[in-house]
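**Q** Here is my input, please return the structure:
(one chain, ligands or ions: 2)
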Amino acid sequence: MNRLRSLDIKFLKGIGPARAELLKKQLGIASYYDLLYHFPSHYVDRSQIYHIRDLNGEMPAVQLKGRFVSFSVHGEGAKSRLVGLFSDGTGAIELVWFRRIKQIKDAYHIGSEYVLFGRPAEFNGRWSIVHPEVDTTTSVGAMQGLRGVYPLTETLRNRGVSSRTLFMWVQTALVATQHIKDPIPEEIAIRLNLMPLREALIVIHNPQNNEQLQRARFRLKFEELFYLQLNIQQYSRRRSAQIIGFRFARIGHFFNSFYSQCLPFELTGAQKRVIKEIRADMGSGCQMNRLLQGDVGSGKTLVALLCMLIALDNGTQACLMAPTEILASQHFETISKLVAPIGINVKLLTGSTRKKERDLIHSQLEDGSLHILIGTHAVIEDNVQFHNLGFVVIDEQHRFGVAQRARLWKKNITPPHVLVMTATPIPRTLAMTVYGDLDVSVIDELPPGRKPVETLLRYDEQRLQVYQAVGRQLKQGRQVYIVYPLIQENEKLDLRCLEEGYELIRETFPMYRVAYVHGKMKPSEKDYQMMLFATHQADILVATTVIEVGVNVPNATTMIIENAERFGLSQLHQLRGRVGRGDGQSYCILMTKYKIAKETRQRLEIMTSTTDGFVVAEADLKMRGPGDLEGTMQSGIAFDLHIANLASDGQIVQLARDMADDLLDKDPELAQPQYAMLRNHLSQLFDKKVDWSRIS
Ligand code: ADP
Ligand code: MG
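**A** Ligands and ions are numbered 1, 2, ... in the order given. As a prediction, the model looks like this:
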């Protein structure tokens, strides 16, 4: 293993320093090990040869056998292309190359037989394949059975590196695996009947049949998840073993009087259960690190507040940190209003807090007379010192990284309990992995009386009707969000759309006030515009996704999302959570053009068919894979899965977790000699993360 890792890819035959540099940059492949663990993303059946006459539009990639009839070059300079006419006796197809024209023309000969491979497309009744793979019929012998298709980048393709090139390199690297040793303990390999490591690597790159491939995949998925689980479990075992925390034994004046005098409504069953879980943690004597998940509007703030009161009852201070200024001030207003009758000192600290107020906050924090501090990142600055900080709440976790959490822990000699709240629903398998260092509580119930948001898919052609419906809501005194995408690659174009949209809305609804906000504005301008909407001095808010997180305007009942196809499902769900917060029936209208891909329509139909954030998240994860999920990389147990898929491999995740648990029960530090290789391998795999696991 270590040897493969230390073998630089530039020494592999046919690669050399320039390509090695490119591989490193484009795919993160630096060693033989990296190359061998760069697995095909899918496979195509190379045992079947198709006839040109049988081609149809549904086929992914096909294999054809025949001869070139002619070559011709069209166009000039950068625009030139090479077209080869290829026939198999049942029909003809055009093969098109835009790059490396000369080399290709020289390499292939009219009249000889070739096997080619690629994705056929039909245009004006003619079939063509762009950049097919071409093999002579003699060399193809070695490539029967299933053939892997390797993930590549456009840059690599432009430099002449194809899936086939990668395949050849992998074959060379496989030769070096002869004496490879398996870090997985023998007892586990036997128990699960795992395919041996070397065999699995050979098979994953050269499967003869599907059954064999599945066994290899299982073994490689398992090892990946097993190492990951071992790392997480070791970390969380050490944490709970070592970190002594405040023991909040009592419930006292603050909690009790709030509960009896100020609680504006009955808690939901889920809120009660979660508070119990948190109380148990805070009373255990160990430091709590808990993730509180709850869909938008499920009432996380109230839970956080009640727990803060327990902290106050035990003689400590509490702090709530939110990702934006608007959110922090909304929390501040809600909370200070709620606790006003019981005499608790709450203050707001953000980047725009004036010096005088700031000085007051600092001194009250230090002498202990400030009970609850609410704020943005400003609260973690070094000059913010607490008298005795016992409990920290972090809202909307995905905006904060572990490093920032750690800075809060360090604000006290005894580390405060930490509650992280997120409205991004995370499927269980993912939570178990990404947030393996946190215990998880879930609020899975909305307060009673909420009417689910009605979500509709509408097309540009129906804009008039949509605006009429908006007009009816406005007439009833309701407010409306109109959201535009603002995606980095397309910033200029998007901003123009947003501006045009803003003008259109002002023209359409001249008697209503329209606020306007996007992420490129100065923060003060942004806050001002948001404030107009939040205080109902504006009826319509035209915005980009800056409103995604947390804003609470219960009177807003309608949201229109423009170019909805460009948003991810989880993001749409977050956005939709801005409406349906009051007693009125709310609507979320997803606008797209009429012609959208089937897949896009299916995706959007998930939104129209459910309001359950977990269902949406599962679907999102299945469609996009977990790599894209916001927060994954920031979670502190950053990882890069090559083959396992947290959405579809839930059972293997569980199995890996069980095996890791069993092993650590027997040998928590993997100190026994038979685990030396495993220990070593783990430290190689997770060397970047060692820092994090030591932080607490
Ligand atoms: P989120 O979980 O999205 O942060 P909030 O804490 O902002 O949700 O709560 C959403 C709304 O629901 C708030 O207006 C809050 O006052 C209200 N709420 C919270 N808990 C309850 C409850 N048990 N019954 C009724 N309304 C509640
Ligand atoms: Mg909230």
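**Q** how about the residue nearest to Q234 when sequence neighbours are not counted, what does it touch?
**A** Using C-beta to C-beta, 6 or more residues apart in numbering and skipping the chain neighbours, the partner closest in space to Q234 is L664 (6.5 Å). C-beta here means a position set from N, CA and C on the backbone, and glycine is covered the same way. Residues in contact with L664, defined by C-beta atoms under 8 Å, 6 or more residues apart in numbering, are 230, 233-234, 237, 670.
**Q** Can you give the domain ranges for the protein?
**A** The record assigns the chain these domain ranges, following automatic domain parsing: 48-144, 253-443, 454-610.
**Q** nearest to ligand 1, of the ones you listed?
**A** The minimum distance between ligand 1 and those falls on domain 253-443, with 2.8 Å, by C-beta to the nearest ligand atom.
**Q** Tell me where the model's unsure across this protein.
**A** Screening the chain residue by residue with the criterion pLDDT under 70, one finds the ranges 138-144, 239-242, 397-406, 409, 425-437, 487-489, 548-550, 624-640, 647, 687-696.
**Q** picking up where we left off before, kindly provide the distance from the residue nearest to Q234 to N680.
**A** Taken as C-beta to C-beta, to the nearest Å, the spacing of L664 relative to N680 amounts to 17 Å.
**Q** need the helices for the stretch 301-450 of the chain, in chain order.
**A** The residue ranges that make up the helices of the stretch 301-450 of the chain, judged by DSSP state H, counting those that start in this stretch, are 325-339, 355-367, 402-409, 428-434.
**Q** tell me which strands and helices the longest one is in contact with?
**A** Packing contacts for helix 325-339, counted by 3 or more C-beta pairs under 8 Å, 6 or more residues apart in numbering; DSSP states H and E, involve helix 300-313, strand 317-321, strand 346-349, strand 372-375, helix 523-534.
**Q** which helix is the longest one in the protein?
**A** Secondary structure assigned by DSSP state H gives helix 210-242 as the longest helix of the chain.
**Q** For that one, list every residue counted as buried.
**A** Neighbour-count burial for helix 210-242, counted by 16 or more other C-beta atoms under 10 Å, picks out 212-213, 215-236, 239-240.
**Q** The residue of the stretch 351-500 of the chain found nearest ligand 1: what's it in contact with?
**A** Closest approach between the stretch 351-500 of the chain and ligand 1, counting by C-beta to the nearest ligand atom: P447, at 3.2 Å. The contact partners of P447, taken as C-beta under 8 Å, 6+ apart, are 265, 268, 297-299.
**Q** Just the buried residues out of those residues, in PyMOL syntax.
**A** Those of the contacts of P447 that meet the burial criterion (16+ other C-beta under 10 Å) are gathered into one PyMOL selection, given here:
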select buried, resi 268+297+298+299
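**Q** Which residues of this protein lie near ligand 1?
**A** The chain has residues 265, 267-268, 271, 294, 296-302, 423, 447, 552, 581 near ligand 1, with proximity defined as C-beta under 6 Å from any ligand atom.
**Q** Could you tell me how many residues sit around K356?
**A** The number of residues packed around K356, counting by other C-beta atoms under 10 Å, is 8.
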